[in-house]
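Trainee: Below is the sequence, then the predicted model.
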Amino acid sequence: ELAGVFEGLGSKTSLIIRSEKPIATFDTGVVNQLLIEMKRQGLNIITETSIEEISKNSEDNSLTLITSKGDKLGPYDSVLFAIGRSPLLQSLGVEDIGLEKSSRGYIKVDEFQQTSLPGVYAIGDVCGNVELTPTAIAAGRRLADRLFGNIPNAKADYTFVPTVVFSHPPVGTVGYTEEAAIEKYGKDNIKTYTSTFVNLYYGPIAIDPSDKPKTFMKLVTLLPTEKVIGVHIVGMSADEILQGFAVAVKLGATKADFDRSVAIHPTAAEELVTMAPWGLAPGS
């Protein structure tokens, strides 16, 4: 996300990652298209590289990165190091009251946010579920409903949680990636639909169409009904588009349901309800 911001503001930026690709757990089609767009913008992407040391030049204060292989990268004016995160529990006195923790250091809770001690609840990132602000809010609301709203079975639902990466361009995803769906259900039970196109926003720009930013979309469906179990988007407004389609996925919509929806033209979102082959899914 921030690499795109810095590059967009005019800083020559390198993105150094330990894995083969950024956001490697996302759908391969989305990741590949994001890489194309990031490189088109001028980002220098260095993969499969771990940093062991940062050296500061005493003459100009520039920074040189030394990798685990002994290679040197740089010099750079500034370095932003994303080291990951762990639950901040030290100030909560978790050990003092004997709350159980997982092997990764998270507070253990059940589906109702109940910890190992009666009457003590935990929500949010300290539980290690889906670590997003909206999921923490949802868990807190459901817990309040159950404790104070006379809704005894209220609990957060962590299935089909939509997620957005505010990269440049943004990525939006909900449900199974193609790879995860195949692993769970088998290749013969999965059918996908994809589309890559130029957003109409870029239509008037007087450059070759091949040089214009592309939007990529994918639907992952489960046979035989072609229930949509994954929606993946990379491109302009992916974040705004995804919210409504996440509701459809949550409700169990099929490809035929998508096809029966009348498109809003001209928009990028219409591609998800007109994706070829159109009108041929079971139930159409």
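Mentor: Received, thanks. Note that the structure is a prediction, hence the values are computed from the model and not measured.
Trainee: Checking the closest residue to Asn153 other than its chain neighbours next. Helix, strand or coil?
Mentor: If you skip the residues right next to it in sequence, Asn153 has Arg146 as its closest partner in space, 7.4 Å away by Cβ to Cβ, 6 or more residues apart in numbering. C-beta coordinates here come from the backbone N, C-alpha and C atoms, glycine included. Under the three-state scheme (DSSP: H, G, I helix; E, B strand; the rest coil), Arg146 adopts helix.
Trainee: Can you get me a residue count around Arg146?
Mentor: By other Cβ atoms under 10 Å, 18 other residues sit near Arg146.
Trainee: Ser116 too?
Mentor: The number of residues near Ser116, taken as other Cβ under 10 Å, comes to 14.
Trainee: Helix or strand for it, just tell me which one.
Mentor: In this structure, Ser116 is located outside every helix and strand according to DSSP states H and E.
Trainee: Quick check, it in contact with Ser102.
Mentor: No. Taking contact to mean Cβ atoms under 8 Å, the distance of 11.0 Å between Ser116 and Ser102 leaves them out of contact.
Trainee: just the strands in the chain please.
Mentor: Assigned by DSSP state E, the strands in the chain fall at 14-16, 44-46, 51-56, 63-67, 72-76, 163-165, 171-175, 190-198, 214-222, 227-234.
Trainee: which neighbours do Ser116 and Ser102 share?
Mentor: Counting by Cβ atoms under 8 Å, 6 or more residues apart in numbering, the common neighbours of Ser116 and Ser102 are Lys108.
Trainee: any idea how far Ser91 is from the closest residue in space to Ser116 that isn't next to it in sequence?
Mentor: Taking Cβ to Cβ, 6+ apart as the measure, Ser116 lies nearest to Glu100, with 3.9 Å between them; neighbours along the chain are not counted. Plainly put, Glu100 is 18 Å away from Ser91 if you go by Cβ to Cβ, to the nearest Å.
Trainee: Those two - which one has more neighbours?
Mentor: A direct count of neighbours by other Cβ under 10 Å for Glu100 and Ser91 places Glu100 higher, at 12 against 6.
Trainee: residues contacting the more buried one?
Mentor: Contacts were defined as Cβ under 8 Å, 6+ apart; by that measure Glu100 touches Ile107, Lys108, Thr115, Ser116.
Trainee: and it, backbone torsions?
Mentor: Backbone torsions of Glu100, given as degrees, to the nearest 10, read phi -70, psi 140.
Trainee: Glu48 contacts Glu20, doesn't it?
Mentor: Yes. Between Glu48 and Glu20 a contact is recorded at 5.8 Å, counting by Cβ under 8 Å.
Trainee: Pick out whichever of the two has more residues nearby.
Mentor: When neighbours are counted by other Cβ under 10 Å, Glu48 and Glu20 differ, and Glu48 comes out ahead with 12 against 9.
Trainee: now that one: how far from Thr64?
Mentor: Using Cβ to Cβ, one gets 19 Å for the distance from Glu48 to Thr64.
Trainee: Same check on Ser167?
Mentor: 27 Å.
Trainee: just the buried members of the contacts of Glu100?
Mentor: By the neighbour-count criterion of 16 or more other Cβ atoms under 10 Å, the contacts of Glu100 include these buried positions: Ile107, Thr115.
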